[in-house]
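Student: Just need the structure, nothing else, for what follows:
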Amino acid sequence: LGGVAAGLGNGIGTAVAGFSTANGLPYSFAFQIQAGVLGALWVALILMPPRWLRTTIGDVGDGPAKADAPDQSSKSPRTKEQLAFILSNGVYINTALQIS
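Tutor: Take a look at the predicted model:
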């Protein structure tokens with residue numbers, strides 16, 4: 001889903017920049033549109049309830065059966081535990097290194 005969003009954003013940005021400069025608007029118009037849209041998305045993100053944005057990292061051994069079951073404990077893992085889990089994931093580390 002992230003790749004689709006990136007491609008869509010890139011396509012829309014290119015279209016806005018191309019059509020706006022072709023119709024005589026300054027080159028900065030596309031950046032102003034981008035800033036406005038990102039600002040609106042940021043405001044929407046700030047106004048969302050935190051429970052809609054919460055993610056949890058389950059054990060890989062849990063499988064889909066336990067992932068669909070309601071969580072018995074309302075406590076989320078601590079940030080340190082989440083970081084330890086992410087950093088122990090080789091795929092994540094290699095992907096992050098390739099992107100950077």
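
Student: worst-scoring helix or strand of the chain, pLDDT-wise?
Tutor: The helix or strand of the chain with the poorest confidence is helix 63-68; it has a mean of 52 (mean pLDDT, DSSP states H and E).

Student: Give the next helix or strand downstream of it.
Tutor: helix 79-87 (DSSP states H and E).

Student: contacts for the next helix or strand after that following helix?
Tutor: Sequence-wise, the next helix or strand downstream of helix 79-87 (DSSP H and E) is helix 90-99. Helix 90-99 is contacted from outside by Ile86, Leu87, using CB atoms under 8 Å, 6 or more residues apart in numbering. Every residue, glycine included, has its C-beta placed from N, CA and C.

Student: Same question for stretch 4-17.
Tutor: The contact list for stretch 4-17 (CB under 8 Å, 6+ apart) reads Tyr27, Phe29, Ala30, Ile33, Gln34.

Student: Save those as CSV, and put in secondary structure too.
Tutor: Formatted as CSV, the contacts of stretch 4-17 follow (DSSP: H, G, I helix; E, B strand; the rest coil):
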residue, secondary structure
Tyr27, coil
Phe29, helix
Ala30, helix
Ile33, helix
Gln34, helix
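
Student: Give me the buried entries from the residues you listed.
Tutor: Phe29, Ala30, Ile33 (16 or more other CB atoms under 10 Å).

Student: From Thr21, how far out is the second one?
Tutor: Read that as Ala30. Distance of Ala30 to Thr21, given as CB to CB, to the nearest Å: 8 Å.

Student: For the chain, which residues score under the pLDDT cut-off?
Tutor: 58-74 (pLDDT under 70).

Student: Find the helix or strand that the residue sitting furthest away from the middle of the chain is a member of.
Tutor: The C-alpha centroid of the chain is most remote from Gly24, which lies 33.8 Å away (CA atoms, centre = their mean). Following DSSP H and E, there is no helix or strand that holds Gly24.

Student: contacting residues around Gln82?
Tutor: Contacts of Gln82 were listed using CB under 8 Å, 6+ apart, and they are Ile57.

Student: And it, how far from Tyr92?
Tutor: Gln82 is 12 Å from Tyr92, by CB to CB.
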